[in-house]
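1. Okay, here's the prediction I keep looking at, along with the sequence it came from:
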Amino acid sequence: MTEKIQHALSESKTARWIALILISSTMFFAYFFVDVLAPLQELLEKSPTFWKPEVFGMIGGGEFVLNVVAGMLIISGIILDKMGIRFTLITAGLTMVLGASLKYYALTEGFTQTALASFLGSFISGIPASAKLAMAGFAIFGVGVEMAGITVSKTIVKWFKGKEMAMAMGLEMAVARLGVFAVFQLSPVFAEMGGPSKSVLMGLIFLCIGFMTFFIYTFMDRKLDKQLGEAAQLEPEDEFHLSDLGKIFTNPGFLTIAGLCVLFYSAIFPFQKFATNMLSSKLDISLKEASAYFSYFPIGAGLLTPFIGWFLDKKGKGASVMLYGAMLLVVSHLIFALVPAESFNTAIALITIVILGVAFSLVPASMWPSVPKIVEARYLGSAYGCIFWIQNIGLMLVPMLIGWSLSASNPGVSEQIAAGVEGAKYNYMVPELIFAGFGVLAIGLSIVLRVVDRKKGYGLELPNKK
Ligand SMILES: N[C@@H](Cc1c[nH]cn1)C(=O)NCC(=O)O
């Protein structure tokens, strides 16, 4: 058995990195689609869609509805542990393409003429028919993207455990963040060519390419499993049981990391949806320019993440790094909230984006490789599923909260924007203070995590590389 492991494909550096490139490429396209409408908030507020900030926030949160309410993320984790990596990757890829196709259809002219559009427009008149269908499509896509995320994490553990695991996870996230960079650069350009539906169509085409890279990877995965043979087969007592969910939800390390995860990411991903409009309002610049500035946030974070991962593999200090990330998160959101528009300029905006980008590399780089240290390998997929489920509750509700708080703290502005009033813009102080509040709570939980780690001996401060 030892010999089999020694000759396994995962022992070849080249094979490991090829596997990583293939699965990361899909995540590039998936993250592109996640934020494809983010730079287009103001366009969507106007004709023909008329999506107010609350509706825009609801669509953003809608991505996570099925994962949270129907428990799809927990089910995805169980599917992963029971059915394996190959089956789950293909299912995730197809689900993303299906959901994205629906979202695209919702924004086409063709849809507005259909009986479905009349039916969807016949109830809850504050939410346009296009928004309702787009939300349904995005919710289906959301099941796929989260299923893909947990499967990719488990796949990286399979190939890199005991080797360059944090660095590999960091690189995967870097490639995914490049997808966010690309979308903030390209989505406004595509929208100029044919409106928001053109941007979504391009995102859909990219997702089809992403499905192909997942598919190609499955051949490597099959080969690795064949080579490992019985070494890869779990003993009956090692199999995943439903009762393991109880173990996950009573594990103090898991609960603290999950809490930290929902707080931290609630101040990042929902912020991404509103950041273009916030920068454009605060700096008084066009959406295209604001979107281009903001694109440096994911790319900066992405470039730094593998280096932080490399450091964590060599030196450890994972729990402390999460604390520093939470601190930087608070600093950046407080700058966005409290520096008045008259003093806020491009330099301050870029410096603040860099601070937030550093936070966005410190926390993910240390958080995801920490999970295999606190749970057993046989239910690792379910543990990732459960963490993402808790995270998705925040990602579902926070965009709605932010959209609502933006409208409530700026009475009459959305009506002015829809009517095309020159110079009408939002003040983002209240939403930014809400984001900073999540960061403060995340600092508290990072401190708790360090205490729990010391008490339970998870080794979160130890290097990953043996
Ligand atoms: N929930 C996942 C994937 C995701 C990205 N945007 C919305 N959902 C996640 O948080 N992955 C970890 C990361 O740091 O990207």
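-> Here it is on my side, so go on. Everything numeric here is computed off the predicted structure, so don't read it as measured data.
2. who in the stretch 201-350 of the chain is up against the ligand?
-> Residues of the stretch 201-350 of the chain found near the ligand, taking C-beta under 6 Å from any ligand atom as the criterion, are 265, 269. To be clear about C-beta, it is placed using only N, CA and C from the backbone, and glycine gets the same treatment.
3. Where does the prediction get shaky in the stretch 201-350 of the chain?
-> Low-confidence regions of the stretch 201-350 of the chain, defined by pLDDT under 70, span residues 230-238.
4. Residue of it nearest the ligand, please.
-> Across the stretch 201-350 of the chain, the shortest distance to the ligand (C-beta to the nearest ligand atom) belongs to residue 269, at 5.0 Å.
5. ok, now which ones touch the nearest residue to residue 177 once chain neighbours are set aside?
-> Excluding the flanking residues, the one nearest residue 177 by C-beta to C-beta, 6 or more residues apart in numbering is residue 302, at 3.1 Å. The contact partners of residue 302, taken as C-beta atoms under 8 Å, 6 or more residues apart in numbering, are 173-178, 180-181, 361.
6. Mind checking which of those residues are in strands?
-> When strands are assigned by DSSP state E, not one member of the contacts of residue 302 lies inside them.
7. near the ligand, which of these show up?
-> Restricting the contacts of residue 302 to those near the ligand by C-beta under 6 Å from any ligand atom leaves 173, 176.
8. before we move on, which element is the residue nearest to residue 177 in?
-> According to DSSP states H and E, residue 302 maps onto helix 296-315.
9. Show me which residues of that helix are buried.
-> Residues of helix 296-315 classed as buried: 296-306, 308-313 (neighbour count, 16 or more other C-beta atoms under 10 Å).
10. which residue sits closest to the closest residue to the ligand within the stretch 251-400 of the chain, ignoring its sequence neighbours?
-> Minimum separation of the stretch 251-400 of the chain from the ligand (C-beta to the nearest ligand atom) falls at residue 364, amounting to 3.8 Å. Take residue 364 and drop its neighbours on the chain: the residue closest to it by C-beta to C-beta, 6+ apart is residue 173, 5.5 Å away.
11. follow-up on the earlier one: the residue of the stretch 251-400 of the chain closest to the ligand: neighbour count?
-> Around residue 364 sit 25 other residues, with neighbours defined as other C-beta atoms under 10 Å.
12. these two touch, right, it and residue 171?
-> No - in this structure, residue 364 is not within contact of residue 171 by C-beta atoms under 8 Å, at 11.9 Å.
13. okay, and the common contacts of those two?
-> Common contact partners of residue 364 and residue 171 (C-beta under 8 Å, 6+ apart): residue 305.
14. Neighbours of residue 48, how many?
-> The burial count assigned to residue 48 is 11, neighbours taken as other C-beta under 10 Å.
15. pLDDT score assigned to it?
-> Looking at residue 48, its pLDDT stands at 87.
16. In which helix or strand does residue 406 reside?
-> Once you assign secondary structure using DSSP H and E, residue 406 falls within helix 380-409.
17. In that helix, which residues are buried?
-> Neighbour-count burial for helix 380-409, counted by 16+ other C-beta under 10 Å, picks out 380-403, 405-407.
18. Check the residues you listed one by one and keep those near the ligand.
-> Those of these which are also neighbours of the ligand are 388, 391, as judged by C-beta under 6 Å from any ligand atom.
19. Would you mind listing where the stretch 351-466 of the chain has pLDDT under the threshold?
-> Counting by pLDDT under 70, the stretch 351-466 of the chain has low-confidence residues at 466.
20. tell me which parts of it are close to the ligand?
-> If contact is defined as C-beta under 6 Å from any ligand atom, the residues of the stretch 351-466 of the chain in contact with the ligand are 364, 388, 391.
21. if we go to 5 Å?
-> For the stretch 351-466 of the chain, the residues found near the ligand under the criterion C-beta under 5 Å from any ligand atom are residue 364.
22. what ranges do the strands span in this protein?
-> Along the chain, no stretch is classed among the strands by DSSP E.
23. And for the residue nearest to the spatial centre of it, nearest residue in space, chain neighbours not counted?
-> Nearest to the mean C-alpha position of the chain, by C-alpha atoms, centre = their mean, lies residue 269 at 6.4 Å. Nearest non-adjacent residue to residue 269, counting by C-beta to C-beta, 6+ apart: residue 395, 5.6 Å away.
24. And residue 402, by the same measure?
-> Ranked by C-beta to C-beta, 6+ apart and with sequence neighbours excluded, the top spatial neighbour of residue 402 is residue 431, at 4.7 Å.
25. any idea how far the one you found is from the ligand?
-> Here residue 431 is placed at a distance of 18 Å from the ligand (C-beta to the nearest ligand atom, to the nearest Å).
26. shouldn't that residue be in contact with residue 277?
-> No - in this structure residue 431 lies outside contact range of residue 277 using C-beta under 8 Å: 10.3 Å.
27. Next, count neighbours for residue 195.
-> One way to gauge burial is a neighbour count; for residue 195, by other C-beta under 10 Å, it gives 18.
28. next one: the one 10 residues further on
-> Applying other C-beta under 10 Å, we find 13 residues neighbouring residue 205.
29. which ones are touching residue 149?
-> Under the criterion of C-beta under 8 Å, 6+ apart, the neighbours of residue 149 are 27, 384, 388.
30. Make TSV from those residues and add distance to residue 205 to it.
-> Listed next are the contacts of residue 149 as TSV, based on distance: C-beta to C-beta, whole Å:
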residue	distance to residue 205
27	17
384	29
388	26
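31. for stretch 216-226, the distance to its chain's centre please.
-> Computed by C-alpha atoms, centre = their mean, to the nearest Å, the chain-centroid distance of stretch 216-226 equals 26 Å.
32. What lies in contact with it?
-> Applying C-beta under 8 Å, 6+ apart, the set of residues contacting stretch 216-226 is 8-10, 15, 18-19, 22-23, 85-86, 89-90, 155, 158-159, 232.
33. and the least confident of these?
-> With pLDDT as the yardstick, residue 232 is the minimum among those, at 56.
34. For the residue lying closest to residue 131 once chain neighbours are set aside, give me its contacts.
-> Of all residues beyond its chain neighbours, the one nearest residue 131 is residue 55 (5.0 Å), with distances taken as C-beta to C-beta, 6+ apart. Residues counted as contacts of residue 55 (C-beta under 8 Å, 6+ apart) are 126-128, 131, 403.
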